[in-house]
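1. this one's structure only:
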DNA sequence: AGTATAAACGACACGAGTGTCGATTTTCAA
DNA sequence: TTGAAAATCGACACTCGTGTCGTTTATACT
């Protein structure tokens, strides 16, 4: 039963197909994308694509997994920086993501999660990603609190969810309306203001 | 050229079809709904439905218009109440909407706006609704400021967009994850906290 | 080189939904 | 009551995408 091509080859081929799929999903979103689109974009036959993926949903799931690796979820821990500085730099990354929404999977993601909802199967990825982000943030807040960097007024998980909801909403609205209408930078400043009130970071000057 | 049924009859029939459509959209969302579903739900023939609407997109647009009338956009102006009280009562309504997300069009709306985005036609409804809500909120803040009820720290339109993005995000996340995971009440409390910091309402006790 | 194996191909049958259109029924007005 | 207009019906032809499967091609091992 020895395979006729190396595992490495298959791995690469799959990655190649996923790259094509990503382009398609970025361009057409999830709901309007088809297997057809993907196999054309990849320049590959029907049979080839179906040898790797059963259907569009599976392609998307695999793509999610694949992208998850280079994910932006983590607050990069860095003892050189105050908690607040770490947070602002994380938020910067998010801001950039939203600004480049046309070149990202953010819209397709929302579409996917919304339209797949009915499917009783209920992919765990959805809740998992959310939970993971909540947990990362909780850890971040706790670390900050222990360092005396933060004096949060609310439970860390509440603040985390607040943060996520706002970012998701800003993303959604920006996808609908374009950046000119939502003004991402300004909105992120307001978010910073709110989070500052919630987390009460010790000002950098007071710290050293 | 007198029509064979009254205008009133046609109006009612259309409303009836829209009622059926609404049920379908609530149950299946936008992307998974079909004209077929609607005509079955309405108990009407293919030809009848197509006599009133060209296609699914048109049905949805019409439904949006129809629903817009009994819309929740407005802050009910009431001089008996402080601005802050008016705001909390508005937020209560929003909270209820999100909690009843399974019986509302919120999810279908998101789906529609996301999946229709590509269509260069660019329905004005999307931006219009957003702008209208922003304007209503701006008026509310200005009124409050003039009454000495509010002392906002930021431009009213920024705060309005912040508010909308958060609500939209909370809605989206709740649709994805269910209320147990997002805790709508708690999140609304955090929003109240943030808005309080931004708007600096004069406390009720200080006012009379 | 030769050959077994499986990767890649693409024609095909199928299903689901669409929008149309001639036939049929209903309605209103005379 | 009657008949013309139009509302409703539902069969039909069409489109688009799906997933399968027998065939062809490429690979790696001997």
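-> Yes, it's here. Here the structure is a predicted model, which means the values were calculated and not measured. Residues are numbered from 1 along each chain as shown, chains lettered A, B, ... in the order given.
2. where's the residue of chain A found nearest chain B relative to DNA strand C, distance?
-> Ranking the residues of chain A by distance to chain B (Cβ to the nearest Cβ) places residue A:169 first, at 2.6 Å. For glycine as for every other residue, the C-beta is placed from the backbone atoms N, C-alpha and C. Separation of residue A:169 from DNA strand C (Cβ to the nearest atom of the strand, to the nearest Å): 30 Å.
3. which strand or helix spans that residue?
-> Secondary structure from DSSP states H and E places residue A:169 in helix A:156-177.
4. for the helix or strand just after that helix, which outside residues touch it?
-> Using DSSP H and E, the helix or strand that follows helix A:156-177 in sequence is helix A:179-182. By Cβ atoms under 8 Å, 6 or more residues apart in numbering or on different chains, the residues outside helix A:179-182 that reach it are A:98-99, A:101, A:170, A:173-174, B:127, B:130-131, B:161, B:165.
5. just give me how far stretch A:181-189 sits from the chain centre.
-> Computed by Cα atoms, centre = their mean, to the nearest Å, the chain-centroid distance of stretch A:181-189 equals 19 Å.
6. for the strand or helix carrying residue A:109, packing partners?
-> Taking DSSP H and E as the criterion, residue A:109 maps to helix A:106-116. Judged by 3 or more Cβ pairs under 8 Å, 6 or more residues apart in numbering or on different chains; DSSP states H and E, the packing partners of helix A:106-116 are helix A:56-69, helix A:156-177, helix B:106-116, helix B:156-177.
7. what's the average pLDDT for the second one?
-> Confidence over helix A:156-177, taken as the mean pLDDT, stands at 94.
8. the helix holding residue A:169 vs helix A:106-116, what angle?
-> If you take axes from the mean of the first three to the mean of the last three Cα atoms, to 10 degrees, helix A:156-177 sits at 100 degrees to helix A:106-116.
9. which residue does chain A have closest to DNA strand C?
-> residue A:47 (2.2 Å; Cβ to the nearest atom of the strand).
10. that residue: which element?
-> Judged by DSSP H and E, residue A:47 forms part of helix A:46-52.
11. what do you get for residue A:32?
-> Per DSSP H and E, there is no helix or strand for residue A:32.
12. go ahead and confirm it touches residue B:111.
-> No - when contacts are counted by Cβ atoms under 8 Å, residue A:32 is not listed as touching residue B:111 (11.8 Å).
13. higher neighbour count, the two?
-> Ranked by neighbour count (other Cβ atoms under 10 Å in any protein chain shown), residue A:32 and residue B:111 place residue B:111 first, with 26 against 18.
14. picking that back up, and the closest residue to the residue of chain A closest to chain B other than its chain neighbours, how many neighbours?
-> The shortest distance from residue A:169 to any non-neighbouring residue, by Cβ to Cβ, 6 or more residues apart in numbering or on different chains, is to residue B:169 (2.6 Å). For residue B:169, the count of nearby residues is 25 (other Cβ under 10 Å).
15. one more: residue A:174?
-> 23.
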